[in-house]
Structures are given as structure tokens and as C-alpha cells.
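> quick check, what structure comes out for this input:
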Amino acid sequence: MAKSIDYGNLMHKAMRGLIQTVLNDVAANGLPGDHHFFITFDTKVEGVEMADWLRARYPGEMTVVMQHWFDDLKVTDEGFSITLNFGNNPERMTIPFDAMRTFVDPSVEFGLRFETHGDTEEDDEDDDGPEDDPTPPHQDAQIVRLDKFRKS
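Coordinates of the predicted model:
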């Protein structure tokens, strides 16, 4: 039995499910009203697929905007694929939900931030060799401040 309930990871999973539901609705019906999304993701996470020139320009983190022009949005349990326009260059991207760092819809002042924390405390407690079953880093989901996305 677990030592405690891991509310951080449970919340993280629930919020990723919320984003999946929103993106599925957008894929089926388009963006309603003034809704648009700023999605920041870690370009180094396994499963991220993007053009080489974009990866060279954004080797660690990238923010994409889903607003006026996007095409062929496909959503799975693991993430989503989309074609976005970069200076009149349509590029296909695949972004796993595990790579997402922020999801913001400034039209309704909604935002989520996903943070990853290393297992430093647990590593210090049990440092007698490799684990048979390594645990992933602890991840918390938080509300993101929208100030940096506001128009001046």
C-alpha cells in the first residue's frame, strides 16, 4: 500500500485530461469565439516531433499559438499533432502531453502550469544502487499567472 496519496500527480493527470478534452473539442468544432491558446512545451522530451530548423531555433522550450491559422489537429491519449504556420511555412508538430509546461487561454484568463521536480529527497534516502522500478520525477500542476500574456 502507498505511504500517502500523491495529490500532485493526480492533479497533474486530471489537468492533462482537461487539456485533452478541450483540444478534442477544438479538433471537432474549431475554436469558439475569441478563444486561443498559448502552449509552452519542452522540445527535448521524447516524442516531440518538429522540423529540424525549429528544433535548432528552440533547443529547450517553445511556445506555440493556436489562434487564426492551424490545421489537421489530431488528439490522442499521449498528446496532439497539429500543423501551424511559421512565417508562411506550414510545419507539422507532435507534442506529447508530458512535454507541456503551460497551457493558457488568455481570452478567459485561464492558465495551467506544469512543473517537474526531481526526486532529490528520495534519492538521498536510498542510495544503494540502481532501482528495479525507477519512479518518474514528481510533477505538480499549478495555475499560471496571465500577466506575461496580456496585451499592452
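
> can you pull out the helices in the protein?
7-29, 52-57, 120-125 (DSSP state H).

> tell me the buried residues in the second one?
By that I understand helix 52-57. Residues of helix 52-57 classed as buried: L54 (neighbour count, 16 or more other Cβ atoms under 10 Å). All C-beta spots, glycine's among them, are computed from the backbone N, C-alpha and C.

> so what would you say the end-to-end distance of stretch 86-105 is?
Stretch 86-105 has an end-to-end distance of 20 Å (Cα to Cα, to the nearest Å).

> neighbours around R101, how many?
Neighbour count for R101, taken as other Cβ atoms under 10 Å: 18.

> doesn't F114 make contact with it?
Yes - counting by Cβ atoms under 8 Å, F114 is a contact partner of R101 at 5.7 Å.

> tell me, what residue is most central in this structure?
Nearest to the mean C-alpha position of the chain, counting by Cα atoms, centre = their mean, stands M100 at 1.5 Å.

> what is the residue lying closest to that residue once chain neighbours are set aside paired to in the beta sheet?
In space, and not counting its chain neighbours, M100 is closest to F41: 5.1 Å by Cβ to Cβ, 6 or more residues apart in numbering. When bridges are called by DSSP bridges, F41 pairs up with M62, M100.

> give me the pLDDT value at F41.
We have a pLDDT of 94 for F41.

> P136 now?
40.

> begin at 24 from here
Okay, residue one is now 24; in that scheme the one you just asked about reads as P159.

> how about the strands of the chain, start to end?
60-65, 84-89, 93-98, 102-108, 113-119, 123-128, 133-140, 161-166 (DSSP state E).

> cool, thanks, signing off.
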